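In: Okay, predicted coordinates and the sequence, questions at the end:
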Amino acid sequence: QVQLVESGGGLAQAGGSLRLSCAASGRTFSSYAMGWFRQAPGKEREFVAARNWSGRSTLSADSVKGRFTISSDNAKNTVYLQMNSLKPEDTAVYYCAAGSGTLYGSRLAEKGVYEYWGQGTQVTVSS
């Protein structure tokens, strides 16, 4: 079992920055692929960014490429999402997810490969 707790959400102005954190507990954090997804009201949950278990393979959605960066600190069992140049369309609940197995490349963007999910943290970007 892996428990995931997100934090760092809040209100930001367009052009501003926020850093989300996802603290993991339970099984060995470093053996899991970690991903960030988001869900806006009335929309499906969509992929944002992810890294594989080693961190050597990362993937970002086109909509956030160049603005959002995923990183992790294995010593702290924490994965981060640094969000810069925020836009109102980034407003959503952001979820952290963990998946076992050999996940890399485009598979990192598939919701179904992630077994564990956090409760989500709200990000609101005002114009």
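Out: Received the coordinates, thanks.
In: Touching, R45 and Y94? I think so.
Out: No. With contact defined as CB atoms under 8 Å, R45 and Y94 do not form a contacting pair (10.0 Å). Where you see a C-beta, it was placed from the backbone N, CA and C, and this is true even at glycine.
In: name the element the residue positioned nearest the centre of the chain belongs to?
Out: Among the residues of the chain, the one closest to the centroid is W36, at 1.9 Å (CA atoms, centre = their mean). Using DSSP states H and E, W36 falls within strand 33-39.
In: ok now that strand, how far from the chain's centre?
Out: Taking CA atoms, centre = their mean, to the nearest Å, the mean C-alpha location of strand 33-39 is offset from the chain mean by 4 Å.
In: wait, what's in contact with A75?
Out: Taking CB atoms under 8 Å, 6 or more residues apart in numbering, we find A75 in contact with no residue.
In: Got the confidence number for it?
Out: According to the prediction, A75 has pLDDT 88.
In: Assign it to helix, strand or coil.
Out: Under DSSP: H, G, I helix; E, B strand; the rest coil, A75 falls in the helix class.
In: gap between it and F29?
Out: 10 Å (CB to CB, to the nearest Å).
In: same thing with V113?
Out: Applying CB to CB, the value for V113 to F29 is 17 Å.
In: just to revisit the earlier point, is the residue nearest to the centre of the chain bridged to anything, and to what?
Out: A49, C96 (DSSP bridges).
In: In this structure it contacts Y80, no?
Out: No. Using CB under 8 Å, W36 makes no contact with Y80, being 9.2 Å away.
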